[in-house]
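Visitor: This is a predicted model, with the sequence first.
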Amino acid sequence: MGLITSGSARTARGGERPGVAPEPTGASRAAEQPGEAGRARETGKPSLSGLRPDIQALRAAAVVSVVLFHSWPDLVPGGYIGVDVFFVISGYLITTQLLNVSEKTGTISLLDFWVRRARRLLPASFLVLAVSAGAILAWVPQGLWRQHLREVAASALYVQNWALAADAVDYFAAANTPSPVQHFWTLSVEEQFYVALPLLMLAALGVSRARPASQRRRWLVAALFVAWLASFAYSLSLTLESPPVAYFSTLTRAWEFGTGALLAFAPVPARVLWRRLVAGFGWVAIPITSLAFGADTHLPGLAALLPVLAAVMVIGGTGGASTRWHWAGWRPVTWVGDHSYSIYLWHWPLLMVAPHGLERDLGHVDRLVLNAVAIGLAWATTRWVEDPIRHGRWPKPALSRRAVAGWSAAAMAALLLIAQRGVARIDELERASAELVERLASGEPACFGAEARRGGAACSNPELADVLLPNPAVAGRDVDGRPGCRQGRGEELLICTIGPSTGFEKRLAAIGDSHVAALVPALEAAAQKLRWRIDVAAKNACYWTTGTQNLGTNVAGVAACQRWKAALSQHLLAAEPYDAIIVTHRVGIWQPDAAPGETEEATIVRGLVESWKTQAERGTRIIAIVDNPTTDPASGTCVARHLLRANEFCSSRRALALGAFDGHIDATRALPGSALIDFSDIYCDETSCPVVIGNVVVYRDDNHITKTFARSLGPALIEQLKRILG
């Protein structure tokens, strides 16, 4: 499954992160199981691959649910459970294969197993990665190259799941646009399983070598069960603590493979009627789960037991004997199962790249056509890439084990080189953009950035007619990165100081979340111009309030925020009173829940006033800045596409962009002596909030302003601070 996290808000099912649309799932066709062709004859017509028709039908159901979810998530909101089904299938087939080999030879050849896996899985996946990388360079806006190509590299190394897990807890990466290769996270988890499982089984065989052969199975089962139990317990814990990380973690997914692995040791039920009932329950549970689950379902915790057990019922209930599920042997069903791996590989890149190539959102017909193209590419890939290489028909003679390793390493290196060259190009653009910004901004050109809208009517500078800064290709990274001015997951209080360290006329503090950190360039301009010292304390998704913020499923984040605020309060009380404290934070998200008997708005305002009041009583002036507007998450891509005409296509309606309740306004009214600064008329005109102001790109994502635009806000901030503080 690509980036879909159940109930984790990304984060992309590809992982949903707070405030972000769901993303993708994964699947892969596991290895052929020895003896499968014989059992297939008992259940009806064998599939093209010779595998059991019921398992191929299960694969078909899983990949169809994933494709439907990625194409029409509102239609099949829980279709991402197809990935859980695939993991069970892989665990069952791979364990059966290794078990058969170990019982025949008494051991497991790691090299032989891994070479077979490489011949089976790598050719098609590397082909899709190469095509996806080319499509990114050809059609995807350059602003997305760094993230997308980094994911190509992670996918080539089969660590994509860990890359996405890291992004899921990165405050700024959480809003990343789903890449064309995001769905490779599931393949990464599988490949890691293919490394760990034979090692675990080989260790169990080694420990039990001196025991009778009849007892070796018990040791294998014991080892697998201990691993299963540890993974399941960790999955339950991490899914509650950090759902986005749990969604992508190999350690939390291992029990799903382990369930299939343990099933390989289970006896086949004797009674046909019982098998039919069990398998029937499984077949009914899969579509029901696909429809019942949704964005708020937390996986892979307890809820994942439903799709996992459904897959177990189908595989175990059939058990290799006739169950009269004739439809499972229908050629269209087994055909989809035979090609499920390639269908999964191709469908997601097409859905992700096509909007860039077409320069519009996809309609229903577009999605139907793209899925048809994916099926055609899957057929061609299976026929001319997967099967010939896997069965040794091409190249001739068949590759030796050393050659397989060499070609695999060469293909990985080629993909890494493509990704590196693309990122290097973006690095060049970033350096050139930063140099041009510095050269222009230092000259204080008229009507540049926020200055184009300060004081009423908008103005323009003919000398900047062809200028757009920062370069849209690097606007997402146009952030002030000085140490200590913004902190992430830590709970300790970090303070950075800007302006003169001695001889300053006033001493101020700026406190809040990442939106305060985004204003540091404007604060620095004010500090230097007015000779004021400003201490900045900013923590992501955490601001100065007595209320406990609701960070959704991020329980650890809530605790860290509370401890950070406690440390902040201690610092403020221990230090000499500041002349003024500037506060702001992102509104409309992560606010305290309504207290009993209060509206949510009243709770928000009360939390602000209570936190400010102690310092106000010490003579400190509280200055609140109304939060900047929010914009569409795709505005960066839109600006990169339309450049100097971006405002015609990418601007947001003022009522929507400034529609969230901003407690700063009411809180300053409620606290005597406090003041309010409102830049809304700089960000927006009467009806809309443009994404480019004064030839400067305003936003680096959907809610943070660029460093360049923040710097251009300096004169407006100076004007307001002088008005308030004199």
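Guide: Received the coordinates, thanks.
Visitor: Only C-alpha atoms from now on, for both contacts and neighbour counts.
Guide: Noted.
Visitor: and the chain, what are its domains?
Guide: Under the assignment automatic domain parsing, the domains of the chain span 36-111+178-386, 479-631+654-684+707-725.
Visitor: nearest to Val698, of these?
Guide: Comparing the domains of the chain by their distance to Val698 (C-alpha to C-alpha), the top pick is domain 479-631+654-684+707-725, with 5.6 Å.
Visitor: And the strands in the stretch 401-550 of the chain, which stretches?
Guide: Remark: strands of the stretch 401-550 of the chain, listed N- to C-terminal, are 496-498, 506-512, 532-538; assignment by DSSP state E, counting those that start in this stretch.
Visitor: can you pull the contacts of the nearest residue to Ala130 once chain neighbours are set aside?
Guide: Closest residue to Ala130 apart from its sequence neighbours, by C-alpha to C-alpha, 6 or more residues apart in numbering: Leu415 at 6.6 Å. Shown here is Leu415, whose contacts under the criterion C-alpha atoms under 8 Å, 6 or more residues apart in numbering are Leu129, Ala130, Val152, Ala153, Ala156.
Visitor: repeat that with 7 Å
Guide: Contact criterion C-alpha atoms under 7 Å, 6 or more residues apart in numbering gives Ala130, Ala153, Ala156 as the residues in contact with Leu415.
Visitor: and the strands of the stretch 401-550 of the chain, which is most packed in?
Guide: When neighbours are counted by mean count of other C-alpha atoms under 10 Å, the highest per-stretch mean among the strands of the stretch 401-550 of the chain falls to strand 532-538, a mean of 26.
Visitor: what's that strand packed up against?
Guide: Using 3 or more C-alpha pairs under 7 Å, 6 or more residues apart in numbering; DSSP states H and E as the contact definition, the elements that strand 532-538 packs against are strand 496-498, strand 506-512, helix 514-518.
Visitor: Could you check how far it is from the centre of its chain?
Guide: Distance of strand 532-538 from its chain centroid, counting by C-alpha atoms, centre = their mean, to the nearest Å, is 33 Å.
Visitor: just stretch 102-116 next, same as before
Guide: Using C-alpha atoms, centre = their mean, we find the averaged C-alpha position of stretch 102-116 to lie 36 Å away from the chain's own average C-alpha position.
Visitor: related to what we said a few turns ago, dump the helices and strands packed on strand 532-538 to JSON lines, plus mean pLDDT.
Guide: Below are the helices and strands packed on strand 532-538 laid out as JSON lines (pLDDT from 0 to 100):
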{"stretch": "strand 496-498", "mean pLDDT": "95"}
{"stretch": "strand 506-512", "mean pLDDT": "97"}
{"stretch": "helix 514-518", "mean pLDDT": "96"}
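Visitor: Tell me which of these lies nearest to Ser460.
Guide: Among the helices and strands packed on strand 532-538, helix 514-518 comes nearest to Ser460, with 24.8 Å by C-alpha to C-alpha.
Visitor: For that closest one, which outside residues touch it?
Guide: Applying C-alpha under 7 Å, 6+ apart, the contact partners of helix 514-518 are 485-486, 510, 538-541, 584-586, 704-705, 707, 710.
Visitor: if we take these, which one ends up nearest to Ala57?
Guide: Lowest distance from Ala57 to those (C-alpha to C-alpha) belongs to Ala541, with 45.4 Å.
Visitor: wait, isn't the closest one in contact with Gly490?
Guide: No: using C-alpha atoms under 7 Å, Ala541 is not in contact with Gly490, being 11.7 Å away.
Visitor: So which of the two has more stuff around it?
Guide: The neighbour comparison of Ala541 against Gly490 (other C-alpha atoms under 10 Å) goes to Ala541, with 24 against 14.
Visitor: Need phi/psi at that one.
Guide: Here the main-chain torsion angles of Ala541 (degrees, to the nearest 10) amount to phi 60, psi 30.
Visitor: same deal with the one 4 residues further on?
Guide: Torsion angles at Thr545 (phi, psi; degrees, to the nearest 10) stand at phi -150, psi 150.
Visitor: wait, doesn't it sit right on Ile604?
Guide: No: applying C-alpha under 7 Å as the test, Thr545 and Ile604 come out as separate, 8.1 Å apart.
Visitor: Please say which of the two ends up with more neighbours.
Guide: Counted by other C-alpha under 10 Å, Thr545 and Ile604 do not tie: Ile604 has more neighbours, with 27 against 21.
Visitor: so the more buried one is in which element?
Guide: Ile604 is located in helix 600-617, with elements delineated by DSSP states H and E.
Visitor: Parallel or antiparallel, which strands does the helix or strand that that helix is followed by pair with?
Guide: With elements assigned by DSSP H and E, the helix or strand that comes after helix 600-617 is strand 621-625. Counting by DSSP bridges, the strands paired with strand 621-625 are strand 580-584 (parallel), strand 675-677 (parallel).
Visitor: For Ala223, find the nearest of the strands of the stretch 401-550 of the chain.
Guide: Go through these one by one with C-alpha to C-alpha and the one that ends up closest to Ala223 is strand 532-538, at 47.6 Å.
Visitor: could you give the angle of the closest one to strand 580-584?
Guide: Here strand 532-538 points in a direction 40 degrees away from that of strand 580-584 (axes from the mean of the first three to the mean of the last three C-alpha atoms, to 10 degrees).
Visitor: Average pLDDT for strand 532-538, rounded please.
Guide: Averaged over strand 532-538, pLDDT sits at 97.
Visitor: Return the distance of the helix with the most length in the chain from the chain's centre.
Guide: Secondary structure of the chain per DSSP state H: the longest helix is helix 401-442. In terms of C-alpha atoms, centre = their mean, the centre of helix 401-442 is found 21 Å from the chain centre.
Visitor: swap in stretch 145-165?
Guide: For stretch 145-165, the distance between its averaged C-alpha position and the chain's averaged C-alpha position is 11 Å (C-alpha atoms, centre = their mean).
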